[in-house]
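**Student:** got a structure for you, letters missing:
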């Protein structure tokens, strides 16, 4: 087969989808020496992160405008390169593609098809524009696809609910995994490095912050402030991933609370820094309102950190029996879970053991094997 993969996200500032794409192509390179791959990108792979193998060709195509690149330029190159399979990895795909090419789309979730009453509108203009684009493109693109890949059984059901023309036979669940770098390290060493890097002198609860309302950052901050007022807890709250945090409403809430010294904000951190922060945390708090997969759950578990997360969407499926599950709309449940985990050493140790076991059940190598099997299936249906 000749397989094309939209690899743009792997060479950008990598977060969820970018990490997925990089792990996909890396692991495909490790298991497949016979098929030919074309990795399409919209800017130079300056750091040489993509596979450097004889059966992998990296092709930069311009312009980088998202809509033009995906809807016009990519399908032209796919036809010119005589692809057998095109895999679009970021929730969208070209509407018009040569009919001889089998189309595979990774649909990580369909939150962009939900009403604002279910998932509140993001404060980020970029995220709002992305939502509108996906909402317009995806329901039409799926009429052309051979197979959709998604990341959980929950996401498969959600896709079928919101895109009824896409039947379950054309949706394959392929689980992701935490990167190998997320692992237990010496806690004393981790805390020393965290103290030197971030100035944290005591125990802390870790949460991943975002302007996107579905991450529930405002509830976490408000309920932590209530805990500090109501209970005798020494832990600080560390909110990671908020650039320009002093310009957010979250910072105003903290400043008015009188707990500025107890709530620490930081912008994006490197993977190495996040590994340290997971390892040093007393608790990882992730009460998201909606996740197609919930990668941070596995990252924290792999680092030996006890987890509190939501009892909705994909989180129970991914966490299994290795986390405390709460209603993410119920602040009192959140506070009670935090106190329980901080005060119950046996429960904390049990969740750490269960979490380490749970994280090992997910594998990037298995993800690549399952994806390659899908390529084989759709190719054999077209020849």
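**Tutor:** Yes, it's here. Bear in mind the structure is a predicted one, so any value in this text is a computation, not a measurement.
**Student:** pLDDT score for the closest residue in space to residue 184 that isn't next to it in sequence?
**Tutor:** Nearest non-adjacent residue to residue 184, counting by Cβ to Cβ, 6 or more residues apart in numbering: residue 304, 4.3 Å away. Quick note: C-beta positions are derived from backbone N, CA and C, even for glycine. According to the predicted model, the pLDDT of residue 304 comes to 97.
**Student:** right, and residue 304 touches residue 279 too?
**Tutor:** Yes. With the criterion set as Cβ atoms under 8 Å, residue 304 and residue 279 qualify as a contacting pair; they are 6.8 Å apart.
**Student:** Between those two, which contacts overlap?
**Tutor:** residue 184 (Cβ atoms under 8 Å, 6 or more residues apart in numbering).
**Student:** Neighbour count: these two, which is higher?
**Tutor:** Summary of the neighbour comparison: residue 304 and residue 279, criterion other Cβ atoms under 10 Å, with residue 279 having more neighbours (24 against 21).
**Student:** check contacts around that one.
**Tutor:** Taking Cβ under 8 Å, 6+ apart as the contact definition, residue 279 lies against 184-185, 187, 190, 303-305.
**Student:** Show me which residues of the strand or helix carrying it are buried.
**Tutor:** Counting by DSSP states H and E, the secondary-structure element that holds residue 279 is helix 271-280. Neighbour-count burial for helix 271-280, counted by 16 or more other Cβ atoms under 10 Å, picks out 273-280.
**Student:** before we move on, what about stretch 147-161?
**Tutor:** Within stretch 147-161, the residues that qualify as buried are 147-152, 154-156, 158-160, counting by 16+ other Cβ under 10 Å.
**Student:** quick one, phi/psi of residue 51?
**Tutor:** Backbone torsions for residue 51, taken as degrees, to the nearest 10, come to phi -60, psi 130.
**Student:** That one reaches residue 26, doesn't it?
**Tutor:** Yes. Shown here, residue 51 and residue 26 form a contact pair, counting by Cβ under 8 Å, at 6.3 Å.
**Student:** nearest to residue 338, of the buried residues of stretch 147-161?
**Tutor:** Nearest to residue 338 out of the buried residues of stretch 147-161 is residue 154 (Cβ to Cβ; 25.0 Å).
**Student:** what's that closest one in contact with, if anything?
**Tutor:** With contact set as Cβ under 8 Å, 6+ apart, residue 154 has these partners: 292, 313-314, 317.
**Student:** now with 10 Å?
**Tutor:** Residue 154 makes contacts with 109, 173, 290-294, 312-318, as judged by Cβ atoms under 10 Å, 6 or more residues apart in numbering.
**Student:** List buried residues within those.
**Tutor:** 109, 290-294, 312-318.
**Student:** buried ones in stretch 137-149?
**Tutor:** Within stretch 137-149, the residues that count as buried by 16+ other Cβ under 10 Å are 137-139, 141-142, 144-149.
**Student:** Filter the residues you listed down to the ones in helices?
**Tutor:** Counting by DSSP state H, the members of those that fall within helices are 137-139, 141.
**Student:** from those, which is closest to residue 200?
**Tutor:** The shortest approach to residue 200 among these belongs to residue 138, at 41.7 Å (Cβ to Cβ).
**Student:** one step back: got JSON lines for the ones in helices among the buried residues of stretch 137-149, with distance to residue 358 too?
**Tutor:** Written out in JSON lines, the entries for those read as follows (distance: Cβ to Cβ, whole Å):
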{"residue": "137", "distance to residue 358": "35"}
{"residue": "138", "distance to residue 358": "31"}
{"residue": "139", "distance to residue 358": "34"}
{"residue": "141", "distance to residue 358": "34"}
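**Student:** can you put those in CSV and add distance to residue 42 and pLDDT?
**Tutor:** Output for these, formatted as CSV (distance: Cβ to Cβ, whole Å; pLDDT from 0 to 100):
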residue, distance to residue 42, pLDDT
137, 17, 89
138, 20, 88
139, 24, 87
141, 19, 89
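**Student:** measure stretch 9-19 end to end?
**Tutor:** Taking Cα to Cα, to the nearest Å, the span from the opening residue of stretch 9-19 to its closing residue is 8 Å.
**Student:** Identify all contacting residues around it.
**Tutor:** Under the contact criterion Cβ under 10 Å, 6+ apart, stretch 9-19 has outside partners 7-8, 20-26, 39, 41-50, 58, 60, 89-91, 106, 108, 151, 176, 178-179, 241, 268, 271, 291-293, 295-296, 364.
**Student:** now that stretch, how far from the centre of its chain.
**Tutor:** 10 Å (Cα atoms, centre = their mean, to the nearest Å).
**Student:** now do stretch 276-285
**Tutor:** Its chain's C-alpha centre and that of stretch 276-285 lie 18 Å apart, by Cα atoms, centre = their mean.
**Student:** hmm, back to that, from the contacts of residue 154, which is closest to residue 32?
**Tutor:** Set against residue 32, the nearest of those by Cβ to Cβ is residue 173 (21.1 Å).
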